[in-house]
Each structure stands twice: as C-alpha cells, then as structure tokens.
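J.: show me how the following folds:
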Amino acid sequence: MRIVQINGGAKGSTGKIMMGIADIAKLQGHEVMCASPITSTNRDAGKNCGYYRIGNYYSRRFNVALARMTGFNGCFAWIETYRLLKKIDKFSPDIIHLHNLHDSYINLPMLFNYIKKIDIPVVWTLHDCWAFTGQCPHFTLAKCDKWKTGCYDCPQYREYPASLYDNTKKMWKLKKKWFTGVKHMTIVTPSKWLAELAKESYLKKYPIKVINNGINLKIFKPTTGNFKERYKISEDKNIILSVSFEWGYRKGLDCIIRLAEMLGENYQVVVVGTDDKVDKQLPNNILSIHRTQNQKELAEIYSVANVFVNPTREEVLGMVNIESLACGTPVVMFQTGGSPECVDEKSGIVIEKNKTEAMFKTIIQICEQKLFDEKDCVTRAKKFDESKKYHEYIELYLSSVER
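T.: Next comes the predicted model:
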C-alpha cells in the first residue's frame, strides 16, 4: 500500500502523529510519503526517506501574509500546491491521509479538486474544529455556534489563523463547497466530543470514526528522580502540578494562580511550560518550569506530583492528562471538550468548568484521603498507547482501500 500524509508540520503533537503512523506503516512494508511546510520547529525534518517539504521559508511567509491581509485562508500557495500534487501524482498513492490543513501552506481548492478527480480513499484527522468553521479552530470559549449554519460577524477573526478582515461568511461557504462531495472520505477525530460536533456540521455525511491520540508508554511511566531535592521542596509537601505549552486564559492560568492562593503551606503548586512572559504573572508561591523538550524529565515531574490539575477551558482531548496518568498521577480537570474522556472513576475527577473552589476542595480530598491508586492510573493510560493507535490507522487504511 502506498500512503500519502499531509500536515501543517513534521514535529509538534500532530507532526509526531503523522511521523509515528509513517514509521509503523514502513515497518509493515508499506510505502509512505509525508508532506508538510517548513516551520521554526521542523527545519531539520526530512532526514527519513519519504518526506517532502512544501514550499520554502519565503513562500511560507508570503502566503501567510496574503491570508492575513485578505481573510482567505488556504486560497493561495498555488505554485507550492501544484508542485506537491505533481509529486503525489508521481508517487501514485492508494490512500491520502490529511491532518491539519490550516494556516495557508496549501491551496485548498486545488487540493480537494485533485482529491475528487483521482477518486481514491481519503482519511482526514480533525485535530481541532477548523475544518467546519469559517476560520477558528476552537469556538467554545466564544460560545459561538454559527458554524452549524454559516459563519458571520466572527468574534475571533483576529486570532489564529489571524486576519485583518472578517471573511468568515465567504470562507464557510467555500470550505463547505471544497470539503463536501469527496466520494470515499472517512473523518477521524481524537475524541467522541469532537466527533459529535462533526456530526452537526456539513461533514456529517461522511463516516466519522474516533481514534484517540496516543502517548509513548515507554517514556511516560512512573519515574523516580530527585525533583524535590533539586528544587528544595520539603518531602512532606504535596505537589500540585499543571502542564501546558501555551499558558493563558484558555488554558486556565488564572485558575492555577487562584488555587495557589487557596492552598496552604502543605502544598507546592508547580507549573510547567512557562516562559518569561508567563513568569511575570505568577505569584512567588508557584514554581515555574520553562518548556522542556526532555520527556524523561517531564515524566519525572508527573511522577512526583500528588495531583495533576488541568483547568483548560478549550480542549479536544488533552494529552497532558494521559501523560500524567501514565506516570501514576490522578487528574482533576474541568468539564471541557474531550478532556473528561481521558479518565475513569479510578483515575480522576471532572469538575464543572470554571468552578475553581470545587477544584480546590477536590485536590484537598484526593491528597488527604488518598482516593486514587498509582496502578489504576497507569492501567487507564494503557488505553492510549500510541503504538496501538497508529496500528488502528493502518487498519483503517487497509479497510478503506479494500472497499
């Protein structure tokens, strides 16, 4: 089987999924071509055979600028898309797997006209809600449901993928035209929550399948270390941990600050994934650890924590929840998107969104009453083994090709 994958990056969370699927497929004897644009994080990608870089640094900046000036995201990159499609044509795939297509690195009408013309099976993994909105990847914080019938007067058009003008009404109609009418396409979502939203959108006529994102259980596992000693934290203190890589209101930074005010001296709040800008917002009683690429170090921090807290207000699934569970640490989270799907009754507690005081009381209860067992948390995390998830994609490819 010959497989093409297209994504907005070769690294990061979605890039890791694309490359992980490719590795498993190659081990099974399949041929794979992965394609993504150049980004600040994937300049060294492409060492493995089968990787194609879409455009270059200058064309990338030019197409993003055009989209931001006009509000027509995905309507440019003509030359880059033409070259990509020629490359795909030469590769002659049996199936095409789409991932993130936003932020102007590819010409959407050209891509989907090509897909409809060659008439081969397509799998499209929605890592957010962008595929069925006029522009935004998330809309729950804005409390907007215009995407169901047609976007207009967007309250978020200046946010990613940002635009100077609100052209969401036109873009919603264009995306509906481009993305519907593919004969053999299966939509995949990482959570049941996102699948239910897709079923309410113009993508509802396609088969919709849930394949959760997975994590590497060989890295994320109960890990011993000297974290408390290194940061001079008393052994008798409970560690309340929160991890994110884009801290702000959407991820609940204000809730973490409030929790740190409410928790007493027996607790140490630790926040991972910060930077100098975030540090200026944090009180002295929060231990701030800047973003780390060292996953083993991250596993050590997860493992030493008594409770993992996730006050995010918008989330498709929440991989940090699963990473924590894999390291044996229970999770307390808000009822947000697909996040509650990460835990069961033996591994975590879900709190009504924005109820920080209820989250505070739950943290105290977990620490004082030892409500959860490390083994139960680890057992729950096994449901999200990335190797098994990648194999699910290969099985989906095979079943799609055999139809």
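J.: give me the low-pLDDT residue ranges for this protein?
T.: Low-confidence segments of the chain, defined by pLDDT under 70: 40-49.
J.: walking through it, point out its strands one by one.
T.: Using DSSP state E, the strands of the chain run over residues 2-6, 31-37, 51-54, 95-98, 122-125, 185-189, 208-210, 238-243, 267-274, 286-290, 307-310, 331-334, 348-351.
J.: parallel or antiparallel, list what pairs with the longest one.
T.: The one in question is strand 267-274. Paired neighbours of strand 267-274 in the sheet (DSSP bridges): strand 238-243 (parallel), strand 286-290 (parallel).
J.: list the contacts of that strand.
T.: 233, 237-247, 256, 259-260, 263, 278, 282, 285-292, 298, 301, 305, 363, 367 (Cβ atoms under 8 Å, 6 or more residues apart in numbering). Just so you know, the C-beta spots here come from the backbone N, C-alpha and C atoms, and that holds for glycine as well.
J.: just the buried subset of these, please.
T.: Using 16 or more other Cβ atoms under 10 Å as the burial test, the contacts of strand 267-274 include 238-244, 247, 256, 259-260, 263, 278, 282, 286-289, 298, 301, 305, 363, 367 as buried.
J.: all helices for the stretch 201-350 of the chain, in order.
T.: Taking DSSP state H, counting those that start in this stretch, the helices of the stretch 201-350 of the chain run over residues 227-230, 253-262, 276-279, 295-304, 319-326.
J.: Throw the ones you listed into a markdown table and include distance to Leu85, thanks.
T.: Formatted as a markdown table, the helices of the stretch 201-350 of the chain follow (distance: least, Cβ to Cβ, whole Å):
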| stretch | distance to Leu85 |
| --- | --- |
| helix 227-230 | 50 |
| helix 253-262 | 42 |
| helix 276-279 | 40 |
| helix 295-304 | 36 |
| helix 319-326 | 32 |
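J.: most neighbours per residue, which of those helices?
T.: Sort those by mean neighbour count, taking mean count of other Cβ atoms under 10 Å, and helix 319-326 sits at the top with a mean of 27.
J.: so that one versus helix 295-304, what angle?
T.: Relative orientation of helix 319-326 and helix 295-304, computed by axes from the mean of the first three to the mean of the last three Cα atoms, to 10 degrees: 70 degrees.
J.: elements contacting helix 319-326?
T.: strand 238-243, helix 295-304, strand 307-310, strand 331-334, helix 374-381 (3 or more Cβ pairs under 8 Å, 6 or more residues apart in numbering; DSSP states H and E).
J.: cutoff 7 Å now
T.: In this structure, helix 319-326 makes packing contacts with strand 307-310, strand 331-334, helix 374-381, judged by 3 or more Cβ pairs under 7 Å, 6 or more residues apart in numbering; DSSP states H and E.
J.: gap between the nearest residue to Thr292 once chain neighbours are set aside and Met33?
T.: Nearest in space to Thr292, with sequence neighbours left out and distances taken as Cβ to Cβ, 6 or more residues apart in numbering, is Leu298 at 6.0 Å. From Leu298 across to Met33, the span is 31 Å (Cβ to Cβ, to the nearest Å).
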